[in-house]
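> Structure of the sequence below:
(2 chains)
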Amino acid sequence: LAKTTQPISMDSYEGQEVNITCSHNNIATNDYITWYQQFPSQGPRFIIQGYKTKVTNEVASLFIPADRKSSTLSLPRVSLSDTAVYYCLLRKGSGYALNFGKGTSLLVTP
Amino acid sequence: GAVVSQHPSWVICKSGTSVKIECRSLDFQATTMFWYRQFPKQSLMLMATSNEGSKATYEQGVEKDKFLINHASLTLSTLTVTSAHPEDSSFYICSARDKSGSYNEQFFGPGTRLTVL
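Model prediction:
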């Protein structure tokens, strides 16, 4: 599975927009870009997934440039409860296994 | 959304004993379930892939005789840590693939904290 690289940690204040960028230079044609959120002592929770361009749901947006070698998770107006670890993963279209990297630890403060 | 449960949520056991962890998909059928392990401050590591009615596929470095996986039904997979030792203390997380879901995504359980004394 192709490897992803993302910042180890990020800090933000409440109410700000947070953008977490993930690099995946060796992304394959059939890879989907998937983001998960994990709170301490809990299982990961699916946030958003995309293949190209932009995807938006009720919690986040995902921006993917044309070359798909990177992606950016955008969290609008974060709150304290958004403090968590965010994982960027590549998932095969028809495959199953998820390869979790180190993730980005986001700390939101008042 | 799809819900995956785990039982127990935490367990403390003595060294040398065996511990069974259950993973259930509550509102969907999961032909494939996955078991992960997560040590403090580290990422999730895939241990094995479990397919209903067949033997589990273990990742390199995971002892299949120590971590017994059974996936006897479409909604239940179990992980048994045999002869547990303190180094097996970890957070064990299962996930299940919803084959009928639009994203073919995995839903994760809440995890089980195992502490071996």
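> give the contact list for A:Ala84.
A:37-39, A:105-106 (C-beta atoms under 8 Å, 6 or more residues apart in numbering or on different chains). In short, each C-beta sits where N, CA and C put it, glycine included.
> pLDDT score for the residue in chain B positioned nearest to chain A?
Closest contact between chain B and chain A, by C-beta to the nearest C-beta, is at B:Phe108 (3.4 Å). In this prediction, B:Phe108 carries a pLDDT score of 93.
> got the residues of chain A near chain B?
A:32, A:34, A:36, A:41-46, A:49, A:87, A:91, A:93-94, A:96-103 (C-beta under 8 Å from any C-beta of the partner chain).
> Let's see which of those end up in strands.
Cross-referencing the residues of chain A next to chain B against strands under DSSP state E gives A:32, A:34, A:36, A:45-46, A:49, A:87, A:91.
> Which strands or helices does the lowest-mean-pLDDT helix or strand in chain B pack on?
Lowest on mean pLDDT, DSSP states H and E among the helices and strands of chain B sits strand B:106-108, with a mean of 88. Under the contact criterion of 3 or more C-beta pairs under 8 Å, 6 or more residues apart in numbering or on different chains; DSSP states H and E, strand B:106-108 touches strand A:45-50, strand B:90-97.
> Apply 10 Å and report the result again.
strand A:31-38, strand A:45-50, strand B:4-7, strand B:32-38, strand B:90-97 (3 or more C-beta pairs under 10 Å, 6 or more residues apart in numbering or on different chains; DSSP states H and E).
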